[in-house]
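Q: Quick check, what structure comes out for this input:
(one chain, ligands or ions: 1)
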Amino acid sequence: MHTPVPDYLAEVADACASSTGGELASYIPELTRVDPRYFGLAMATVDGSIYSVGDGDVEFTMQSISKAFVYGLAIRERGLAAVLEKVDVEPSGDPYDELSFEASTGRPRNPMINAGAITAHTLVGRDGIDAGERFDLIHRLLCDLAGRELGVDEEVWQSEVHTSDRNLAIAHMLRSKGLITDPAEEVISAYSRQCAVLVTARDLAVMAATLANGGVQPVTGKRVFSGEQVRQLLSVMLTCGMYDSAGDWVSTVGIPAKSGVGGGIIGSLPGQLGISTFSPRLDQHGNSVRGIETFERLSADMGLHLMEVAPPARSVVHAVRVVGEGEDAVRVFELSGLIGFTAAERVLQWLSEDPPPERTVVVDLTEVHDIESVARRMLLEGMRRMRLDGYVVHIVDSGDVLPDPDPGDGILLGPPPMAI
Ligand SMILES: NC(=O)CC[C@H](N)C(=O)O
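A: All right, here's what the predicted structure looks like:
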């Protein structure tokens, strides 16, 4: 069987192909040389499957998409508290190149607009590191995320350096506030080089899937970020990644995302997949027009919106059986699926509202594939209380989804002596 996923992606790409709205970014002159007809779409799962259609293997510059990852690197190197001292996490509602600072603290409002991104860039590497070395650290990070050596578009880089009055103005503002100390020209040159790193839609999908996978690159298996760092960076992508159209994006697409004026957009759906599009014509916010349309369609068709209400956890108790009779009767609760807070709450609610008349209870976890830490604590506490109420409680856990259940609390491991 050929998996239908690439056919499905091709169908979505076909449906969006006729969209030709928007304009190439022209404030970086070299970007006007890009073929506006390019259209690539790629998807990578947390298991490392990669699908790409159209111009998914054409290289283009990352531009602002790099900001998300570099923010993560700054946090990885300095810790979140130190980064927050210099860059806040509030959506600005301003265009990305706005000289946008908080009135009270003087900090840039978030790391996705240029002011915050330039500050985060300077937080990479030890104090006093030179701009070239700092770029190398950033380049290494981006290569680790893509799982291959990435090049730099030297022409786009030079073109941006020569037209970077606005970013220089931002850097000077940052210096005047003491938020950065390095010379503005050096900082903007290295920051523009970061933006000129070349990727394909396929690379970006894998990079986004690394975030979806809690920081572990799904193909190479390398841990790039910790789970906590990813949580921070996805949160900021969700609220600020699409600049002054972030609210519109969250309500229509509902996936943490980041766009770049090179025409790329990445989206990262925690625990599931990374998606990326490449289509260089941009709207007035600097976001790819066809990229947005494609994401809207994918999100609606595939139910990827984060706020899509998950089916209730009712199905967690898969079956309840009574085995044996009279004094020897045993009640078996078979749980299944993923048990998180609400699923555990449901099981405990059920046990407390409707206490089994049998004195022996078996909680069978054979069909459970994972138990979140909070649910683990809740279930163990519930079983401990049942024991205090006089029940004998057994756990069947052949898949080891509930490690160290602390038999000291009176919980018996393994099935009861009678057949269940
Ligand atoms: N939105 C973007 O992609 C902007 C990135 C670009 N290099 C800049 O700083 O202006």
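Q: Which stretches in this protein count as strands?
A: Using DSSP state E, the strands of the chain run over residues 40-45, 50-54, 60-61, 198-199, 257-259, 264-269, 273-278, 317-323, 330-339, 360-371, 392-396, 411-413.
Q: Get me the contact residues on this structure for the ligand.
A: Proximity of the chain to the ligand, by CB under 6 Å from any ligand atom, involves residues 63-64, 96-97, 114, 160, 167, 192, 195, 260-261, 286. C-beta: built from backbone N, CA, C; applies to glycine.
Q: Tell me which of the strands of the chain sits nearest to Val187.
A: Closest of the strands of the chain to Val187 is strand 60-61, at 18.5 Å (criterion: CB to CB).
Q: now the helices for this structure?
A: Assigned by DSSP state H, the helices in the chain fall at 5-17, 65-78, 80-86, 114-122, 131-146, 154-161, 165-176, 184-195, 201-212, 227-240, 246-252, 289-302, 341-353, 373-388.
Q: hang on, the earlier thing: possible to save the strands of the chain as TSV with distance to Ser176?
A: Shown next, in TSV, are those (distance: least, CB to CB, whole Å):
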stretch	distance to Ser176
strand 40-45	41
strand 50-54	45
strand 60-61	29
strand 198-199	34
strand 257-259	28
strand 264-269	32
strand 273-278	37
strand 317-323	62
strand 330-339	51
strand 360-371	51
strand 392-396	63
strand 411-413	63
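Q: hmm, back to that, tell me the most buried of the helices of the chain?
A: Mean neighbours per residue, mean count of other CB atoms under 10 Å, is largest over the helices of the chain for helix 201-212, with a mean of 29.
Q: just checking, what packs against that one?
A: strand 40-45, strand 50-54, helix 131-146, helix 227-240, strand 264-269, strand 273-278 (3 or more CB pairs under 8 Å, 6 or more residues apart in numbering; DSSP states H and E).
Q: who does the fifth one pair up with?
A: By that I understand strand 264-269. Strand 264-269 has its sheet partners listed here by DSSP bridges as strand 257-259 (antiparallel), strand 273-278 (antiparallel).
Q: Just the CA atoms of that strand, as CSV, please.
A: Provided in CSV are the C-alpha atoms of strand 264-269 (Å, rounded to 0.1, in the frame of the first residue of the first chain):
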residue,chain,number,x,y,z
GLY,A,264,8.2,30.4,4.7
ILE,A,265,5.8,29.6,7.5
ILE,A,266,6.3,26.9,10.1
GLY,A,267,3.6,25.4,12.3
SER,A,268,4.2,23.0,15.1
LEU,A,269,1.5,21.0,16.7
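Q: looking only at pLDDT, what's the mean for it?
A: Average pLDDT, strand 264-269: 97.
Q: what's the distance between it and the middle of its chain?
A: Averaging C-alpha positions (CA atoms, centre = their mean, to the nearest Å) puts strand 264-269 9 Å from its chain's average.
Q: That one to helix 65-78, inter-axis angle?
A: Counting by axes from the mean of the first three to the mean of the last three CA atoms, to 10 degrees, strand 264-269 lies at 50 degrees to helix 65-78.
Q: Which one of the strands of the chain has the poorest average confidence?
A: Looking at the strands of the chain, the bottom one is strand 411-413 with a mean of 61.
Q: Columns distance to Glu11 on top of the helices and strands packed on helix 201-212, output as a markdown table?
A: Formatted as a markdown table, those follow (distance: least, CB to CB, whole Å):
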| stretch | distance to Glu11 |
| --- | --- |
| strand 40-45 | 11 |
| strand 50-54 | 9 |
| helix 131-146 | 27 |
| helix 227-240 | 27 |
| strand 264-269 | 18 |
| strand 273-278 | 15 |
